[in-house]
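Colleague: Next input, structure requested:
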Amino acid sequence: MNYPVVKGAAYALVQANSMLLYQGSTQITERLKNEQSEHLKALPEHLRSFEDAVSYPPNQAYIGNITPDQLKEIPHPWYENPLAGASRDGKHGEIMPEDEFFGLMKMVDSFDLVLLEEAFQAGVKGKLESHPILKDIKEINKLESTAHSADEIQKLVDEHDAQPLYFAGKLVGCVKKAHEFDEALSSEVMLGNLASKASSVLVLKQLLAKTDLNPVQVDYIIECSEEACGDMNQRGGGNFAKAIGEICGCVNATGSDTRSFCAGPAHALVEAAALVQSGIYSNVVVVGGGCTAKLGMNSRDHIKKGMPALEDMLGAFAVHIGENDGVNPVIRTDAIGRHKIGSGASPQAVMTAIVTDPLDKIGYKITDIDRYAPELQNPEITEPAGAGNVPMANFKMISALAVKRGDIEKADLMKAVDSFGMPGFAPTQGHIPSGVPFIGHARDMILEGKIEKAMIVGKGSLFLGRLTNLFDGVSMIIEKNSGVVEVDTGFDQEQLRKMIAEAMRDFAKSFRE
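Modeller: Prediction:
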């Protein structure tokens, strides 16, 4: 079978200290309760510099400069063991500072909602004009348009018509509301949506720059973040996908948005694989941008423990799924895991549905998979808040299932975890950690002959929407390409069987005559 293949993956991070302070949901809630709270007073002293964020080992793993295996060897706490000489530019993407990102937000803004202060705008214009992959976006000319005075911006913020944008402690811009009364177009929602769009544009441009995919070759874009764009009459109507493709020059593409909380990217990847294997589209890109609301979610606990506020990163990713080329790793579409409505909600039931059931379909043991990539949240972020080491909990459950099934001995449980597991290295951006951060590494490792098979596992918490108590989960196996590309004869197997049977009957008839 001609399975679809993973032709490329890219990743981007944006350090967002200002947005953590003013647009993170934890801080918004705190400000509504008490603007003079001790938490809000202490938080600025716990913000990292851009240099500290770049040298933070998990961030370097996310953009591909070190592997998860190399991250495992770095002592904890990682924030006290920065990588010397770390670069913002990575094998798989980049880490962008907040000032440049504000400029990018203005570039992708189609309705003049992003206002920047004159001197600040001139400064970021110069930086983005020299950016290796963003300088060719035609919308960069928006940074030549009329800038605004600090007083104008302050007035909009004071009158609650706009969300503030700060850099280095100074008000440098704002995002206006898009409608007088529509809450779906409020300044807070518009800032979150524009930040998601801008980070998606950044990572899609990275994908196009780091692979041989030409933007005009993209047929379909699936966007899978956790934001929703629309207005009061269709609050989640979309479409992020086409808005992102428009900026990136994907003139021949259409697209749509997929949502399923943290499992959204896994669903999107399955959809992309199906679209390619069916022949409907040749090149599909799955992209997900960052979520401002999740910035600083656990900052209270980080501050209490004297740590930096580590949730200062917006995360984004993009994956190119294409037709079988005989080289790139395949997605085994005959072994897609799915948490069914009736699967059950216990950890064992969830893992059985999305890990062992698909393996059974193709006769694989748990130990036949070289690496598992479930929720890859950085434990240095989650453990101080009492959420534990999420990746390790998942790996232990998979290993326990292997013991139960007889794939390994009980004494080898932790040995198996060490073999197929990895440290979590993704920012807590909801949809970002669920499996997708490892796709770039998995592709590299398979192409280099270090592993043959990896399973990407996405899990979601549907109960957060208050419509159901169900969990969600989807998985897929990425596997070494056999090197064989089947030629499409234009006939399916049943047609071919009938043709052979008819030919044999004709031959037998002519022989009798």
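
Colleague: does residue 135 really touch residue 129, like I thought?
Modeller: Yes: contact criterion C-beta atoms under 8 Å: residue 135 and residue 129 qualify, at 5.4 Å. Glycine gets a C-beta too; all of them are placed from N, C-alpha and C.

Colleague: now residue 75, what's its secondary structure?
Modeller: coil (DSSP: H, G, I helix; E, B strand; the rest coil).

Colleague: That one - how many residues pack around it?
Modeller: 8 (other C-beta atoms under 10 Å).

Colleague: Now do the same contact list for it.
Modeller: Counting by C-beta atoms under 8 Å, 6 or more residues apart in numbering, residue 75 touches residue 81.

Colleague: confidence score at it?
Modeller: For residue 75, the model assigns a pLDDT of 98.

Colleague: Can you tell me how far it is from residue 57?
Modeller: From residue 75 across to residue 57, the span is 10 Å (C-beta to C-beta, to the nearest Å).

Colleague: Next, show the common contact partners of those two.
Modeller: Counting by C-beta under 8 Å, 6+ apart, the contacts common to residue 75 and residue 57 are residue 81.

Colleague: Which stretches in the stretch 251-400 of the chain count as strands?
Modeller: 254-257, 283-288, 313-322, 330-331, 337-338, 371-373 (DSSP state E, counting those that start in this stretch).

Colleague: what about those strands, which gets the closest to residue 463?
Modeller: Taking C-beta to C-beta, strand 337-338 is the member of those nearest to residue 463, at 17.9 Å.

Colleague: Run a quick check on residue 458 versus residue 270, I expect a contact.
Modeller: No: using C-beta under 8 Å, residue 458 is not in contact with residue 270, being 9.2 Å away.

Colleague: what about the two, which has more around it?
Modeller: Taking other C-beta under 10 Å, residue 458 and residue 270 do not tie; residue 458 has more neighbours (32 against 24).

Colleague: Contact partners for that one?
Modeller: So residue 458 contacts 262, 263, 264, 265, 266, 267, 434, 435, 436, 473, 474, 475 (C-beta under 8 Å, 6+ apart).

Colleague: residues contacting the fourth one?
Modeller: Meaning residue 265. Neighbour list for residue 265: 224, 286, 288, 317, 431, 432, 434, 435, 436, 458 [criterion: C-beta under 8 Å, 6+ apart].

Colleague: Helices along the stretch 351-500 of the chain, start to end?
Modeller: In the stretch 351-500 of the chain, the helices defined using DSSP state H, counting those that start in this stretch lie at 357-361, 379-382, 390-405, 413-420, 439-447, 493-512.

Colleague: which residues are common contacts for residue 458 and residue 270?
Modeller: Residues touching both residue 458 and residue 270 (C-beta under 8 Å, 6+ apart) are residue 474.

Colleague: if we can go back for a sec, quick one, which of the helices of the stretch 351-500 of the chain gets closest to residue 297.
Modeller: Among these, helix 379-382 comes nearest to residue 297, with 8.6 Å by C-beta to C-beta.

Colleague: what packs against that closest one?
Modeller: In terms of contacts (3 or more C-beta pairs under 8 Å, 6 or more residues apart in numbering; DSSP states H and E), helix 379-382 is packed against helix 390-405.

Colleague: Off-centre distance for the helix it packs on?
Modeller: 24 Å (C-alpha atoms, centre = their mean, to the nearest Å).

Colleague: and that helix, what does it pack onto?
Modeller: Secondary-structure packing of helix 390-405 (3+ C-beta pairs under 8 Å, 6+ apart): helix 347-351, strand 371-373, helix 379-382, helix 413-420.

Colleague: Out of those, which one sits most buried?
Modeller: strand 371-373 (a mean of 26; mean count of other C-beta atoms under 10 Å).

Colleague: Okay, now the sheet partners of it, with direction.
Modeller: Strand 371-373 has the following strand partners under DSSP bridges: strand 453-461 (parallel).

Colleague: Mind listing what's buried along the strand it pairs with?
Modeller: Going by neighbour count (16 or more other C-beta atoms under 10 Å), the buried part of strand 453-461 is 453, 454, 455, 456, 457, 458, 459, 460.

Colleague: ok, back up a step: I'd like to know which of the strands of the stretch 251-400 of the chain is closest to residue 362.
Modeller: Proximity to residue 362, assessed across the strands of the stretch 251-400 of the chain by C-beta to C-beta, is greatest for strand 337-338 (11.3 Å).

Colleague: Give me the average confidence score over that closest one.
Modeller: Across strand 337-338, pLDDT averages out at 97.

Colleague: which helices and strands does it pack with?
Modeller: Here strand 337-338 touches strand 471-479, going by 3+ C-beta pairs under 8 Å, 6+ apart.

Colleague: strand partners of the strand it packs on, parallel vs antiparallel please.
Modeller: Strand pairing for strand 471-479, determined by DSSP bridges: strand 330-331 (antiparallel), strand 337-338 (antiparallel), strand 453-461 (antiparallel).

Colleague: Select, out of these, the one closest to residue 232.
Modeller: Closest of these to residue 232 is strand 453-461, at 26.6 Å (criterion: C-beta to C-beta).

Colleague: okay, the angle between the closest one and helix 390-405?
Modeller: Relative orientation of strand 453-461 versus helix 390-405 (axes from the mean of the first three to the mean of the last three C-alpha atoms, to 10 degrees): 110 degrees.

Colleague: element containing the nearest residue in space to residue 132 that is not next to it in sequence?
Modeller: In space, and not counting its chain neighbours, residue 132 is closest to residue 209: 7.4 Å by C-beta to C-beta, 6 or more residues apart in numbering. Residue 209 is located in helix 187-210, with elements delineated by DSSP states H and E.

Colleague: buried set for that helix?
Modeller: 187-208, 210.

Colleague: same for the helix or strand following it, what does it pack against?
Modeller: With elements assigned by DSSP H and E, the helix or strand that comes after helix 187-210 is strand 220-223. For strand 220-223, the elements it packs on are helix 240-247, strand 254-257, helix 264-277, strand 283-288, judged by 3+ C-beta pairs under 8 Å, 6+ apart.

Colleague: Kindly compare burial across the ones you listed and name the winner.
Modeller: It is strand 283-288: most buried of those by mean count of other C-beta under 10 Å, with a mean of 28.

Colleague: can you pull the contacts of residue 239?
Modeller: Contact analysis of residue 239 by C-beta under 8 Å, 6+ apart lists 223, 229, 255, 256, 257.

Colleague: of all those, which comes closest to residue 18?
Modeller: Nearest to residue 18 among the contacts of residue 239, counting by C-beta to C-beta, is residue 229 at 22.1 Å.

Colleague: you'd agree the closest one is up against residue 192?
Modeller: No: Residue 229 lies out of contact with residue 192 (C-beta under 8 Å); the separation is 9.4 Å.

Colleague: picking that back up, and the helix holding residue 209 with helix 240-247, angle?
Modeller: Using the same axes, to 10 degrees: helix 187-210 against helix 240-247 is 60 degrees.

Colleague: quick one, helix 187-210 and strand 283-288 angle?
Modeller: Here the directions of helix 187-210 and strand 283-288 differ by 140 degrees (the same axes, to 10 degrees).

Colleague: distance between helix 187-210 and the chain's centre?
Modeller: Once both centres are worked out by C-alpha atoms, centre = their mean, helix 187-210 turns out to sit 11 Å from its chain's centre.

Colleague: next one: stretch 475-484
Modeller: Relative to its parent chain, stretch 475-484 has a centroid offset of 21 Å by C-alpha atoms, centre = their mean.

Colleague: Residue 395: what's its closest spatial neighbour, skipping adjacent residues?
Modeller: Nearest non-adjacent residue to residue 395, counting by C-beta to C-beta, 6+ apart: residue 421, 3.8 Å away.

Colleague: Many thanks, have a good one.
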